[in-house]
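K.L.:
Here's a sequence, model it:
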Amino acid sequence: MNIDLLNKILTDNCRNVSFVCHKFNDAACELNDKDTTLTLKPDLSMKQYQSILEKNREISKVEIIYSFQTNKEILFEIIRKVSRNITHLSLHCEVRESISLTDFLQLISLVPCLEYLDCWHVNFNSTKEDLQTLSSVQLNLALLKTLDISFCGDKFAALLSRLPFGILTELEIAYMHLPSLTKLLRRQPNIKALTVHECDGYCDNIFEHLSVKSLTIRENRKRKNLKGLLTQNCIKSLKLETDAAVFFGMTNILGNNNFSDLKHLELRFGGEWEKVSQKFTKLDNSRLEFLRISGGSILSEDLFRALAASAPNLKVLHVNTELLWIIAISLLKHLNYLESLRLFYVFGEPDEYLTSKFTANPNLTDLDISFHSRDSILLRKIISDFPNLKTLKLREPEHSDVKLMYTFHRNGNLDGI
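P.N.:
Numbers count the residues shown, from 1 in each chain. Okay, here's the model as predicted:
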């Protein structure tokens, strides 16, 4: 079997194929010259570990899947071998078998140049020695910028409060107990990008001291946990992935002249858009330049009419929900100043009557539409009404067998590729 060929086939995104047979596993564990990521699984053979140790490679990213099968001595030997250039470390522990505090500290001591740390299910045993260590240890990761933690225990959160003051600029927390993060957040006032995903436990004003520029909130039904975040006025990018009820609560805060600098907004939730839009379009969206709408019910012309009045400086619009062609045309009419437009799925037939209702937009340079049709009338109409179009993609919907109908780029004229 040609191992070199298999190495080309088994990319980072499809290495699960390595479980098919021993040869595939060998190929998946080998590193080609351009690969700077090393994945260490608990069931790797001694031969595979030895192969890694023998290679003189520059590894910048290490992914560790940790379980009771992990050979710690070999693991640390490998990390020590490649530690010089490691800037990204992912540690994913099995639910019932987390790494110990002592072993975690040893691992961290081997990667002083770490800039990104991602941890899943790290829960230390509550031994007396651990408690004594936690009270005095320091995490000397002076270059760390990004921290991503999910399903981790309170003792691990307490350890993270031992990071150097003010080093973090990005933080993502998921399924964490918020009170356990109080000390960490207080010691990291320079966080500019924050993602909060289904964290429990109310802690008053836990985020109040932060000056976040980019905020992502996913499915957090406990709105009072987010009070300190939603009263800030320095946020430039906001992503909300939640249900409609939560959004109603958020718009009550957003409407109080907060988020006056907001330029990038992504909204994704279940429920009826018409009810939400009545509040959203009454907000001050004058600085908004990018908007993505996902989920919810079919949209109406009233939404886009109100949006045009609410967001006069909008440049990019992505609609990732279903639209009737007649509504899509009303969108083009009311928002005839957009520079880029992506419509996830437009259904119905764009007949000659509908296409005659197109509104010219000299600003539009990028158009991407998914729909069931191959009507050349539509193509000609688009080219004539949007004279400065540089990129045009007409697709079949993503669930269709035909993924792409047309892709054009304009070099003087729109040329087919």
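K.L.:
Tell me where the stretch 201-350 of the chain has helices.
P.N.:
244-254, 273-280, 301-310, 325-334 (DSSP state H, counting those that start in this stretch).
K.L.:
pLDDT (mean, whole number) over the second one?
P.N.:
The average of the pLDDT scores along helix 273-280 is 70.
K.L.:
same thing with the last one?
P.N.:
The average pLDDT within helix 325-334 is 88.
K.L.:
Look up phi and psi at residue 173.
P.N.:
Backbone torsions for residue 173, taken as degrees, to the nearest 10, come to phi -130, psi 130.
K.L.:
residues near it, how many?
P.N.:
Neighbour count for residue 173, taken as other CB atoms under 10 Å: 22. In short, each C-beta sits where N, CA and C put it, glycine included.
K.L.:
got it, and residue 285?
P.N.:
Residues contacting residue 285 under the criterion other CB under 10 Å number 22.
K.L.:
List the residues that contact it.
P.N.:
Residue 285 makes contacts with 262, 265, 307, 310-311, 314, as judged by CB atoms under 8 Å, 6 or more residues apart in numbering.
K.L.:
try 7 Å
P.N.:
Going by CB atoms under 7 Å, 6 or more residues apart in numbering, residue 285 touches 310-311.
K.L.:
What's the per-residue pLDDT of it here?
P.N.:
Per the predicted model, pLDDT is 83 at residue 285.
K.L.:
Could you break this protein into its assigned domains?
P.N.:
The chain breaks down into these domains under automatic domain parsing: 233-314, 337-417.
K.L.:
weakest of the ones you listed in terms of mean pLDDT?
P.N.:
domain 337-417 (a mean of 72).
K.L.:
Give the buried residues for the helix or strand containing residue 392.
P.N.:
Assessed by DSSP states H and E, residue 392 sits inside strand 391-395. Buried residues in strand 391-395, counting neighbours by 16 or more other CB atoms under 10 Å, are found at 392-395.
K.L.:
Then stretch 54-72?
P.N.:
Across stretch 54-72, burial judged by 16+ other CB under 10 Å covers 57, 59-67, 70.
K.L.:
With respect to residue 88, which of those residues is nearest?
P.N.:
For those, the minimum distance to residue 88 (CB to CB) is 3.9 Å, reached by residue 61.
K.L.:
Do you know the pLDDT at that closest one?
P.N.:
At residue 61, pLDDT is 94.
K.L.:
what does the one 10 residues further on give?
P.N.:
According to the model's per-residue confidence, residue 71 sits at a pLDDT of 84.
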